[in-house]
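*Asks:* Here is a sequence together with a model predicted from it:
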Amino acid sequence: VTPASTSRRASRQPWPNEDLPYRSRTSVDHTLTFYEYIHGLLPYDSEMQELLPAPLLPSQKSAVLTFECPQSFTTYLVELRYPTPNRGGFILGLDDFYTENLVPGAVIAIQRTDNDGHYRVEYLSERAKSEQLLELDERRAQQRYVFRPTTYACGVDDTMLLTESRFGGLANEKPLEEKLRRRPEAVVAATFERIGDRREGNFSLPFDTLLAGVNIERPVSAALLRSILDHDDTGAFSRDPDAQDSYTYVPGTTP
């Protein structure tokens, strides 16, 4: 799912929502997913709509903003793509900021300034740590997921940090085909099979691990993932009665 093809189905929420006041928030905290990190993106959801400026014209498709990072003394030119009838909105152009300072799972804060086209983005500076973290190896003829030693000095949400100890089943896996990635339910099923704990022929995962894993392949909000799992009528997904806030997947079913 490329940024340009990310549709409303990724969040199943009709943005922009005219009931939400633009620039009514002073800041938004956000945990960076693997998908966002790889593509240099931020989602345009309800919180971002309340933080960012409104379009000046009804037909306006995008706006150019600047994001300043005081910690690195850098400013980035980014593009806000407003939602259209066939895709959701997103913020594009943060590739360098991510690769120079962060890892997937990092927690950032975006703050507004008096200038509605200029925003401040910051992260938590912490003591350097080293982990085997997931990367997409693009040097091969076919892309593969690999784990490499990575040193980072930013604050992270541990549930979204893609360590080999939790996500080792992805080693040497190829990204899912585009046809599969367009269907959130299929991505959820594939994630269970790749990193889930096998129990009596089924797969089980805590919700937070599943959320981080699904967001490797495509943007899926926590609300959408919970809806997929709790409102499945195929028998593919169900609550795991033996673990807190965990779910199971029955392989061979078609969600």
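*Replies:* All right, it came through fine. For clarity, every value in this text was computed on a predicted model and none was experimentally measured. Numbers count the residues shown, from 1 in each chain.
*Asks:* element containing the closest residue to residue 92 other than its chain neighbours, please.
*Replies:* Using C-beta to C-beta, 6 or more residues apart in numbering and skipping the chain neighbours, the partner closest in space to residue 92 is residue 79 (4.9 Å). Backbone N, C-alpha and C define where each C-beta goes, glycine included. Per DSSP states H and E, residue 79 falls inside strand 74-81.
*Asks:* Direction included, what does that strand pair against?
*Replies:* Under the criterion DSSP bridges, strand 74-81 sits next to strand 62-69 (antiparallel), strand 90-92 (antiparallel) in its sheet.
*Asks:* C-terminal to the last one, what's the next element?
*Replies:* Counting by DSSP H and E, the element after strand 90-92 in chain order, helix or strand, is helix 95-101.
*Asks:* the longest strand in this protein is where?
*Replies:* For the chain, the strand with the greatest residue count under DSSP state E is strand 125-137.
*Asks:* Next one: the residue of the chain positioned farthest from its centre from residue 240, what distance?
*Replies:* Computed with C-alpha atoms, centre = their mean, the residue of the chain farthest from its C-alpha average is residue 200, at 30.9 Å. Using C-beta to C-beta, to the nearest Å, residue 200 is found at 12 Å from residue 240.
*Asks:* Do you know the pLDDT at the most centrally placed residue in the chain?
*Replies:* Nearest to the geometric centre of the chain sits residue 33, at 3.5 Å (C-alpha atoms, centre = their mean). Residue 33 is assigned 98 on the pLDDT scale.
*Asks:* Hmm, it is touching residue 219, no?
*Replies:* Yes: between residue 33 and residue 219 there is a contact at 7.2 Å, judged by C-beta atoms under 8 Å.
*Asks:* shaky segments in the chain?
*Replies:* For the chain, the stretches flagged by pLDDT under 70 are 1-18.
*Asks:* ranges for the helices of it?
*Replies:* Assigned by DSSP state H, the helices in the chain fall at 34-39, 46-51, 95-101, 164-167, 178-181, 184-195, 207-217, 222-230.
*Asks:* of all the ones you listed, which lies closest to residue 157?
*Replies:* Of all the helices of the chain, helix 207-217 sits nearest to residue 157, with 8.9 Å by C-beta to C-beta.
*Asks:* buried sites along the closest one?
*Replies:* Under the neighbour-count criterion of 16 or more other C-beta atoms under 10 Å, helix 207-217 has 207, 209-217 buried.
*Asks:* contacts for that helix?
*Replies:* Where contact means C-beta atoms under 8 Å, 6 or more residues apart in numbering, the residues beyond helix 207-217 that reach it are 1, 33-36, 105, 134, 145, 159-162, 166-167, 170, 175-176, 181, 184, 187-188, 190-192, 194-195, 205, 220, 222, 225-226, 229, 245-247.
*Asks:* redo that, cut-off 7 Å
*Replies:* Outside helix 207-217, the residues that touch it by C-beta atoms under 7 Å, 6 or more residues apart in numbering are 33-35, 159-160, 162, 166-167, 175-176, 181, 187-188, 191, 195, 220, 222, 225, 245-247.
*Asks:* And for stretch 231-241?
*Replies:* For stretch 231-241, contacts defined as C-beta under 7 Å, 6+ apart pick out 189, 204, 229, 246-250, 253-255.
*Asks:* Pretty sure residue 44 is one of the things residue 89 touches, is it not?
*Replies:* Yes: using C-beta atoms under 7 Å, residue 89 is in contact with residue 44, at 3.3 Å.
*Asks:* Quick check: residue 142 vs residue 69, distance?
*Replies:* According to C-beta to C-beta, residue 142 stands 35 Å off from residue 69.
*Asks:* Neighbour count for those two, which is higher?
*Replies:* Remark: of residue 142 and residue 69, residue 69 carries more neighbours, 18 against 8, as counted by other C-beta atoms under 10 Å.
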